[in-house]
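Student: got a sequence here, can you build the structure:
(one chain, ligands or ions: 1)
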Amino acid sequence: MLLHTTTTTSLSLRSSHRLTKYALQPPNAAVSSQTPASAAHSISDTDLASRGFGLRSSADGLDLGHLNSVFAAVGFPRRDPDKIRIALENTDEILWIEYEKTKRPVAFARATGDGVFNAIIWDVVVDPSFQGIGLGKAVMERLVTELLRKGITNIALYSEPRVLGFYRPLGFVADPDGIRGMVYSRKQKKKK
Ligand SMILES: CC(C)(COP(=O)(O)OP(=O)(O)OC[C@H]1O[C@@H](n2cnc3c(N)ncnc32)[C@H](O)[C@@H]1OP(=O)(O)O)[C@@H](O)C(=O)NCCC(=O)NCCS
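Tutor: Have a look, this model is predicted:
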């Protein structure tokens, strides 16, 4: 599990040492009122639009069959569309990019959480035909900016080893201060 570096600020509530260490970077540094949030983005909304990509921040107009096809194309399991719909209804932040020409989703990411302190980012995908042109970074930057804007600083995600290098420049670190993520394992439970 990776954590966004600003998470250390909320973790610091438990440790004055950490508070000192990270006080130089306030939680909302990336979205100060002096700087429009978009200034922090590597590709502007206008640039994306000029290349035929529309940014979407709600599930309205998102064809779940098409989204499932993108999941399948990158090797994620194809999921029951009804369950995807329920998952999206229970999602706090969603960011996807529609290719205007085909009206299909080509990049997607979403975050669940408690709306105040914590968020976990899921399902970061870019259609293989559109990978390597900055769309993954574009959705991730905007998703993180929006979470920070809401004051949510404890932002985590799971990363496959081959994708660590994609998340690191976006501000995510593994095991900050030795803190490790753990997941429930049915296999492990059976061993006991
Ligand atoms: C990982 C993924 C979302 C990246 O999206 P993308 O649109 O291809 O990436 P971008 O073009 O926005 O790349 C942004 C930067 O990350 C780098 N990058 C992209 N994928 C990378 C990887 N796997 N490892 C290291 N760096 C990577 C790019 O070189 C680029 O660097 P730059 O800013 O210095 O030019 C996309 O490849 C994908 O959907 N992969 C399959 C699904 C997946 O693995 N999702 C993550 C689950 S944990």
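Student: any idea of the pLDDT on residue 32?
Tutor: Confidence per residue is given as pLDDT, and for residue 32 that number is 34.
Student: err, residue 187, not the other one
Tutor: We have a pLDDT of 85 for residue 187.
Student: and it, that one's in a strand?
Tutor: No: membership of residue 187 in a strand is not supported by DSSP: H, G, I helix; E, B strand; the rest coil, which gives helix.
Student: could you report the neighbour count for it?
Tutor: By other CB atoms under 10 Å, 6 other residues sit near residue 187. Glycine gets a C-beta too; all of them are placed from N, C-alpha and C.
Student: next helix or strand past the helix or strand harbouring residue 121?
Tutor: Taking DSSP states H and E as the definition, residue 121 sits inside strand 118-126. Secondary structure here is assigned by DSSP H and E; on that basis, the next helix or strand after strand 118-126 toward the C-terminus is helix 135-149.
Student: elements contacting the host helix or strand of residue 71?
Tutor: When secondary structure is defined using DSSP H and E, the element that contains residue 71 is helix 64-73. If you count contacts as 3 or more CB pairs under 8 Å, 6 or more residues apart in numbering; DSSP states H and E, helix 64-73 packs onto helix 81-89, strand 104-113, strand 118-126.
Student: of all those, which lies closest to the ligand?
Tutor: The closest of the helices and strands packed on helix 64-73 to the ligand is strand 118-126. By CB to the nearest ligand atom, the value is 3.9 Å.
Student: and the closest one, what's buried?
Tutor: If you call a residue buried by 16 or more other CB atoms under 10 Å, then strand 118-126 has these buried ones: 118, 119, 120, 121, 123, 124, 125, 126.
Student: could you list the low-pLDDT ranges of this structure?
Tutor: Within the chain, the stretches falling below the threshold (pLDDT under 70) are 6-39, 192.
Student: which residue does this protein bring closest to the ligand?
Tutor: Nearest to the ligand, among the residues of the chain, is residue 136, at 2.2 Å (CB to the nearest ligand atom).
Student: quick one, what contacts that residue?
Tutor: 107, 124, 126, 166 (CB atoms under 8 Å, 6 or more residues apart in numbering).
Student: next one: the residue nearest to the spatial centre of the chain from residue 112, what distance?
Tutor: Among the residues of the chain, the one closest to the centroid is residue 121, at 4.2 Å (CA atoms, centre = their mean). Going from residue 121 to residue 112 by CB to CB, to the nearest Å gives 8 Å.
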